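A.B. asks: structure, please.
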Amino acid sequence: VPNIGVFYDVDYMQEIDALSRTPYDVFLKTAKNLPPGKFYPLLGALNVKYISSFSPLPDGDIELVRHFPEYPLWLYELEQAVPRVYVVSAAEHETDHGKTLERLASKDFDPLVTVLVDEPMSLSNTAGFQAEAQILEYENHQVNIQASLDSPGILVLADSFYPGWNAYVNGRQEKIYRANLFFRGVPLSAGTHTVQFRYEPRSFAIGRGVSIITLLFIVAISILLYLRKHRQNLTA
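C.D. replies: Take a look at the predicted model:
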C-alpha cells in the first residue's frame, strides 16, 4: 500500500494498517499545508512515483501522464523519486515527526545523500561516496538485498517501519532504525553485504511455542495411555 501513491484529498487508508497511524496522521496534516514546490519533493522523498487526482494539480516537479475524463481522473508522474532501496552516506537525528516531514520537503535536502533517523547515529557525508543496492528477492514476509559501498553508510528500504520486522546483515541480526519517518534503515560498513529483512512478529513466536508445547503434551499423553493399556493387557 505505501508505494502505490497518494490519492489527493483522501485522508484515510481504508482501515489498512500498512503504515503506523500516528506518523500517517502527521503526514496528512503537514502535506495538505505545503505549497507544490515542497509537496512534490516530499512525496518523491517518500518513494511516491505517481499521483492520481480527481482534479488537475498545480504545476511543479510533476508531469501529466494521462487524463481520464470518464472518471474524471488525472494521473501524474513525479520527476524525482527515490528508488525502493538505496544507500546514503549521511544521517541526521530528528524525533519530531512534523519537523522530519518539513526537512524532507525542504529545497536543500537531498534524500539520496542524507537520511533522517529517530535515534542518534555517528555518520557523516563522505566525499565521493559510492554505493549501490538491489533487491534480489521480494516477498510478503521477506526481502533479500545485496548492497556494496566503499565507506560506511545506511541502507534505506522504502517499506514501512512496522513492529515485527528484523534485519540480518550477512546472517547477523542488526538494529532497524526508523528512516525518513516511514521507512527502514540499517547501518552498513564498507564492503559487500547481503541484507535480509524478515517479518517475525512476537505473536508468531508465541504461537509457535504454544503449538510445540501442545504437541509435546499430546505426544506425552498418548504414550502414557499406550503404556497404561499395555500394562492392563499384561495383567489380564
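
A.B. asks: where does the protein have low pLDDT?
C.D. replies: Filtered on pLDDT under 70, the chain yields the residue ranges 1-20, 124-125, 203-210.

A.B. asks: all helices of it, in order?
C.D. replies: Using DSSP state H, the helices of the chain run over residues 21-31, 36-45, 97-105, 202-235.

A.B. asks: out of these, nearest to Asp159?
C.D. replies: With C-beta to C-beta as the measure, helix 21-31 is the member of these nearest Asp159 (13.9 Å). Heads up, the C-betas are built off the backbone N, CA and C, glycines and all.

A.B. asks: tell me how far the residue positioned nearest the centre of the chain lies from His193.
C.D. replies: For the chain, Asp159 is the residue whose C-alpha lies nearest the centre (C-alpha atoms, centre = their mean; 2.2 Å). Going from Asp159 to His193 by C-beta to C-beta, to the nearest Å gives 18 Å.

A.B. asks: please apply the same query to Glu79.
C.D. replies: Per C-beta to C-beta, Glu79 is found 31 Å from His193.

A.B. asks: how long is stretch 65-80 end to end?
C.D. replies: 15 Å (C-alpha to C-alpha, to the nearest Å).

A.B. asks: pull out the buried positions in it.
C.D. replies: For stretch 65-80, a neighbour-count test (16 or more other C-beta atoms under 10 Å) marks Trp74, Tyr76, Leu78 as buried.

A.B. asks: out of those, which comes closest to Leu34?
C.D. replies: Relative to Leu34, and with distances defined as C-beta to C-beta, the nearest of those is Leu78, at 14.1 Å.

A.B. asks: what's the closest one in contact with, if anything?
C.D. replies: Tyr40, Leu43, Gly44, Val48, Lys49, Tyr50, Ile51, Asp61, Ile62 (C-beta atoms under 8 Å, 6 or more residues apart in numbering).
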